[in-house]
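Student: Fold the following, please.
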Amino acid sequence: MTVDARLRRHLRRWSRRLRFTEGVSWVVWGGLAGLGAGILLAGLARLMPLLTQVRLALFSLLLIATGAGAGLVAAWLRPRSIPRLARIFDGRFALAERLVTATEIGRENLSAPPAMAAAQLDDTLARARRVDVRSMLPIRLSRRALWTLVGGSVILALLIGLPNPQEAVLRRRAAVEAAIEAQAETLEAIQEDVLEVDSLTEVEREALLQALAEALAELESGDPSPEEALATLSEAERSLAELRDSGVASLETGLERAAGTMADSSLTREIAEALGAGDYDRAAEALAAFGGQEGDALTRDEELALARELAQAAERIAEGAPEMAEALSEAAETIQERDIQAAQEAIQQAAQAMSEAGQQIESQAFVEAAQAELQAGREQIGEAAGVSPGSGPGTLPGGQLSGGSGGDGAGSGQQTQPGHSEDAGTGAPYDELYVPERIDEPGTGVDVGREGEDGLPAGDAPLPAPPTGRPNVPYEEVYADYAEQAGAALEDSYIPLGMKQYVRDYFSALEP
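Tutor: The predicted model follows:
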């Protein structure tokens, strides 16, 4: 036999009400548990950089909701057998163990005559129908739990809402992560460009890809610190710097000067415009057209004018591109000698050299652009981390070239203004640069010689007073040394793409 179905229905209905009332209470206590975890987390977040205020608030709400949900689920999923429910409701509803007796008889754990068993079941069901389950199982909330919930919520709100010194650390960390991620994307884009640039040689291409791949692997491996990311990008910059050819700067400068020379003639203006625009292939084609068989023949005057332009261009590029300069010079000479066939061959050689020079310049420009991207990435990461990214390769020191000023050695602060004289060769005025030669004040004693056996100097004689007057060095003489050093720095140092012309203009403005 089994428990009567009617009695089972009553027990199940009451069980749902019991789970509901318990669930409400357990939701509050579960929420309190989650609130306590949130308070603990918020306290730790003020001692170490764990979460931002927004994320901390969301995570705390998630903990509270999780605790409340866990309480509700536990109340509804808590297993209770029929005998267990019978004992619970006998006590709750004061049924004097009628439910327990009925269930035990139904399960044949208790023997009774059939008539007595039926009578006992009818009495139990009659009493069960008179039970008001809502009043007997009311929803009750603990005041202590509610007040604890309110107080804990206030504490959590203060811990989250008050200014947290760890917030700045987290923002800086997030900015660094974003900067590193952005730089990784930049490296991937540069890798794609390397595969598409035709002007690169295979050696340059492989070296670039290897350097970029190593840097990208370091940035994407684990969670690199700002210092590690900066070191990685600096290493990649050094690898790219090894691909730079210092002679390309002289080559580019020579072609720019040649473009300035050719721009004055209608015969070579197209070449000059192409060189000025950086379209070296078009410039080479325009130059090669003079060595072709098509087009109208030039007059003798035009041939001589072209020879002059080629000779002047050869002078401008002699230092940076000696082979091209030699071909242009040969073309100019053979034109003047009316050896047209030799001139055409020389022009074709010069055009080929110009095309190759253009490829060199373009490949170097790409390398410089990649270096500029890496340098910008280092600066962004360093700025986000609040650390100095260092003076990467090619950083030009600040400062200025001045006419000269100085003090009198005693710290009086008196300044000496440069005078003006006339250049003996040209008669043009130039600035004079004051060069101080004062060693010490007049009459001040200076120890000279070796120490004697008694520890005193062997001699203690005052130096004579320095000669009066202010020696001056002509500015034009000093400028020659400055210009030479500036040119070397311009060729050997890494300068971001687009900045070289500003540097050249600066030193050009200093020419006497």
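
Student: Cross-check the contact I'm expecting between residue 170 and residue 54.
Tutor: No: with contact defined as Cβ atoms under 8 Å, residue 170 does not reach residue 54; the gap is 10.4 Å. Using the backbone N, CA and C atoms, a C-beta is placed for each residue, glycine as well.

Student: In terms of packing, which of the two has more residues around it?
Tutor: residue 170 (18 against 9; other Cβ atoms under 10 Å).

Student: Can you give me every residue that contacts that one?
Tutor: 49, 51-52 (Cβ atoms under 8 Å, 6 or more residues apart in numbering).

Student: element containing it?
Tutor: For residue 170, the element it lies in under DSSP states H and E is helix 166-196.

Student: Going along the chain from that helix, find the next helix or strand for me.
Tutor: Helices and strands here follow DSSP H and E; after helix 166-196, the next one along the chain is helix 202-220.

Student: Pull out the buried positions in that following helix.
Tutor: 204, 207-208, 211-212, 215-216, 218-219 (16 or more other Cβ atoms under 10 Å).

Student: Could you export those residues as TSV, including distance to residue 118?
Tutor: Converted to TSV, the buried residues of helix 202-220 look like this (distance: Cβ to Cβ, whole Å):
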residue	distance to residue 118
204	102
207	99
208	97
211	95
212	91
215	89
216	85
218	85
219	83
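
Student: got the residues you listed as JSON lines, with distance to residue 22 and pLDDT columns?
Tutor: Shown next, in JSON lines, are the buried residues of helix 202-220 (distance: Cβ to Cβ, whole Å; pLDDT from 0 to 100):
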{"residue": "204", "distance to residue 22": "75", "pLDDT": "83"}
{"residue": "207", "distance to residue 22": "72", "pLDDT": "86"}
{"residue": "208", "distance to residue 22": "69", "pLDDT": "86"}
{"residue": "211", "distance to residue 22": "67", "pLDDT": "87"}
{"residue": "212", "distance to residue 22": "63", "pLDDT": "87"}
{"residue": "215", "distance to residue 22": "61", "pLDDT": "87"}
{"residue": "216", "distance to residue 22": "57", "pLDDT": "88"}
{"residue": "218", "distance to residue 22": "57", "pLDDT": "86"}
{"residue": "219", "distance to residue 22": "54", "pLDDT": "86"}
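
Student: tell me the helices in the stretch 251-400 of the chain, going along the chain?
Tutor: For the stretch 251-400 of the chain, the helices defined by DSSP state H, counting those that start in this stretch cover 269-276, 280-288, 300-317, 322-336, 340-385.

Student: Just send those back as CSV, with mean neighbour count, distance to residue 22 and mean pLDDT too.
Tutor: Output for the helices of the stretch 251-400 of the chain, formatted as CSV (neighbours: other Cβ atoms under 10 Å; distance: least, Cβ to Cβ, whole Å; pLDDT from 0 to 100):
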stretch, mean neighbour count, distance to residue 22, mean pLDDT
helix 269-276, 20, 87, 87
helix 280-288, 21, 85, 86
helix 300-317, 19, 94, 85
helix 322-336, 21, 94, 87
helix 340-385, 20, 52, 85
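
Student: Nearest to residue 144 among those helices would be which one?
Tutor: Among these, the nearest to residue 144 by Cβ to Cβ is helix 340-385 (48.7 Å).

Student: Distance from that closest one to the middle of the chain?
Tutor: Here helix 340-385 is found 25 Å from its chain centre; the criterion is Cα atoms, centre = their mean, to the nearest Å.

Student: Same check on stretch 225-244?
Tutor: Centroid separation for stretch 225-244 versus its chain: 12 Å, with Cα atoms, centre = their mean.

Student: Number the chain from 148, please
Tutor: Noted, 148 is the first residue going forward, which turns the last one into stretch 372-391.

Student: What are the contacting residues of it?
Tutor: 323, 327, 330, 334, 351, 354-355, 357-359, 361-362, 365-366, 371, 511, 514-515, 517-518, 521-522, 524-525, 528-529, 531-532, 534, 536-537, 539-541, 641.

Student: got the end-to-end distance for stretch 381-401?
Tutor: Counting by Cα to Cα, to the nearest Å, you get 31 Å between the two ends of stretch 381-401.

Student: buried stuff in it?
Tutor: Under the neighbour-count criterion of 16+ other Cβ under 10 Å, stretch 381-401 has 381, 383-384, 386-388, 390-391, 395-401 buried.

Student: what's the answer for stretch 278-288, then?
Tutor: Buried positions in stretch 278-288, judged by neighbour count with 16+ other Cβ under 10 Å: 278, 280, 284.

Student: possible to save those residues as CSV with distance to residue 230?
Tutor: Output for these, formatted as CSV (distance: Cβ to Cβ, whole Å):
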residue, distance to residue 230
278, 19
280, 20
284, 19
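
Student: With respect to residue 419, which of those residues is nearest?
Tutor: Distances from residue 419 to the buried residues of stretch 278-288, taken as Cβ to Cβ, are shortest for residue 284 (99.4 Å).
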